[in-house]
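# No sequence on hand, only this structure:
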């Protein structure tokens, strides 16, 4: 008997538990309207920044600070070249410069004294001219030695090669102990966060896009935002298509050669079901809407076919004109969850 009571008591408690509260949402009916239907175009992703890094000087590779596949920041040291002979030449150049500067200072002091003596007619004009000429020579030599030293210091800085921007090293072309000449490649680096996409579009779409327009780009089921870089006015005479170039920036690593899908609005207007843009959300990797199915949220996968002002045109065999769609609160509800429209009276009046 005790065992039966223990089994029945939880069932009674469960049956008396209150039903879950309905989530408050705002709804709007599906309406019909004319929109420019979106058409999909497929392009290929190419890196916007791809550099074959070259040495600006020659020398033996002393150290390689990277490997293929490394992610590097702008200014990261990549390669160190031997500069031992150059270092000695810099020491000699600095010594010669100090000597020339000392000679110039002494000659300049003598020149000032000779100028006073010449004014007092204590020396001949030829003596003053000689010291003036010598001073000018010392000054020129100082400038020449300084320029030579500056060139050597620039050369010294070039013995270390740095990453020009944030990126990933895709290939390595040098090893320790190798000799590199000016212009020899040491590595290839790409910026995997910025890419260009080129798609060929028919002439009827050319006037619908312009430089600076923002477009949605789908890559590997991920949506990105791209910006129109240019519409090239020279197209294919056989297909009557023109290259559209779009620049894409991403906070995730992109891969060159990936397929990119871009949707553009067709020039022709078509009837479609419209709902405020907030009514469509992304859930489980697809675009969906929620409708009211006898007080419970019913999820319906949809396809976006166009945009009109603040509304979006959607398609699905399960949709029909007048159907109530959740436009606010949809991000916090789940399928079969009880819902209640806060604007229910307003919807009835409409």
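Structure received. This is a predicted model, so every value here is computed, not measured. Numbering: from 1, shown residues only.
# ranges for the strands of the stretch 1-150 of the chain?
Along the stretch 1-150 of the chain, counting by DSSP state E, counting those that start in this stretch, strands occupy 23-29, 31-47, 50-54, 59-64, 71-72, 77-81.
# Any chance of TSV for the ones you listed, columns mean pLDDT and mean neighbour count?
No exception for glycine: its C-beta is placed from N, CA and C like everyone else's. Shown next, in TSV, are the strands of the stretch 1-150 of the chain (pLDDT from 0 to 100; neighbours: other Cβ atoms under 10 Å):
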stretch	mean pLDDT	mean neighbour count
strand 23-29	93	18
strand 31-47	87	16
strand 50-54	94	15
strand 59-64	96	16
strand 71-72	94	16
strand 77-81	97	20
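# do you know which of the ones you listed lies nearest residue 184?
Nearest to residue 184 among the strands of the stretch 1-150 of the chain is strand 50-54; the distance by Cβ to Cβ comes to 6.3 Å.
# Report how many residues lie close to the closest residue to residue 101 other than its chain neighbours.
For residue 101, ignoring the flanking residues on the chain, the nearest one in space by Cβ to Cβ, 6 or more residues apart in numbering is residue 142 at 5.4 Å. A count of nearby residues for residue 142, using other Cβ atoms under 10 Å, gives 20.
# quick one: contacts for residue 142?
Taking Cβ atoms under 8 Å, 6 or more residues apart in numbering, we find residue 142 in contact with 97, 100, 101, 104.
# pLDDT weak spots in the stretch 251-350 of the chain?
Where the stretch 251-350 of the chain drops to pLDDT under 70, the residues are 267-268, 344-350.
# in it, which spans are strands?
Under DSSP E, counting those that start in this stretch, the stretch 251-350 of the chain gives strands at 259-276, 281-283, 286-293, 296-301, 303-308, 311-315, 324-328, 339-341.
# With distance to residue 156 as extra columns, can I get those in JSON lines?
Formatted as JSON lines, the strands of the stretch 251-350 of the chain follow (distance: least, Cβ to Cβ, whole Å):
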{"stretch": "strand 259-276", "distance to residue 156": "45"}
{"stretch": "strand 281-283", "distance to residue 156": "55"}
{"stretch": "strand 286-293", "distance to residue 156": "59"}
{"stretch": "strand 296-301", "distance to residue 156": "64"}
{"stretch": "strand 303-308", "distance to residue 156": "58"}
{"stretch": "strand 311-315", "distance to residue 156": "61"}
{"stretch": "strand 324-328", "distance to residue 156": "65"}
{"stretch": "strand 339-341", "distance to residue 156": "72"}
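# Using TSV, lay out these together with distance to residue 169 and mean neighbour count.
Listed next are the strands of the stretch 251-350 of the chain as TSV, based on distance: least, Cβ to Cβ, whole Å; neighbours: other Cβ atoms under 10 Å:
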stretch	distance to residue 169	mean neighbour count
strand 259-276	24	18
strand 281-283	35	13
strand 286-293	37	19
strand 296-301	42	17
strand 303-308	39	17
strand 311-315	42	21
strand 324-328	48	21
strand 339-341	53	19
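# re the thing from before, any idea how far the residue nearest to residue 101 is from residue 151?
15 Å (Cβ to Cβ, to the nearest Å).
# mind listing what residue 70 touches?
Contacts of residue 70 (Cβ under 8 Å, 6+ apart): 168, 169.
# how does it look with 7 Å?
Contact analysis of residue 70 by Cβ atoms under 7 Å, 6 or more residues apart in numbering lists residue 169.
# for it, phi and psi?
The phi/psi pair for residue 70 (degrees, to the nearest 10) reads phi -70, psi 140.
# low pLDDT regions in the stretch 1-150 of the chain?
Looking at the stretch 1-150 of the chain by pLDDT under 70, you get 1-20.
# mind running it again at 90?
Low-confidence segments of the stretch 1-150 of the chain (pLDDT under 90): 1-22, 33-40, 48, 110, 114-124, 128-129.
# The residue nearest to residue 160 when sequence neighbours are not counted bridge partners, please.
The shortest distance from residue 160 to any non-neighbouring residue, by Cβ to Cβ, 6+ apart, is to residue 80 (5.5 Å). For residue 80, the beta-bridge partners are residue 63, residue 160 (DSSP bridges).
# Thought residue 62 was touching residue 80, still the case?
Yes. The pair residue 80 / residue 62 is scored as a contact, 4.6 Å apart, by Cβ atoms under 7 Å.
# Many thanks, have a good one.
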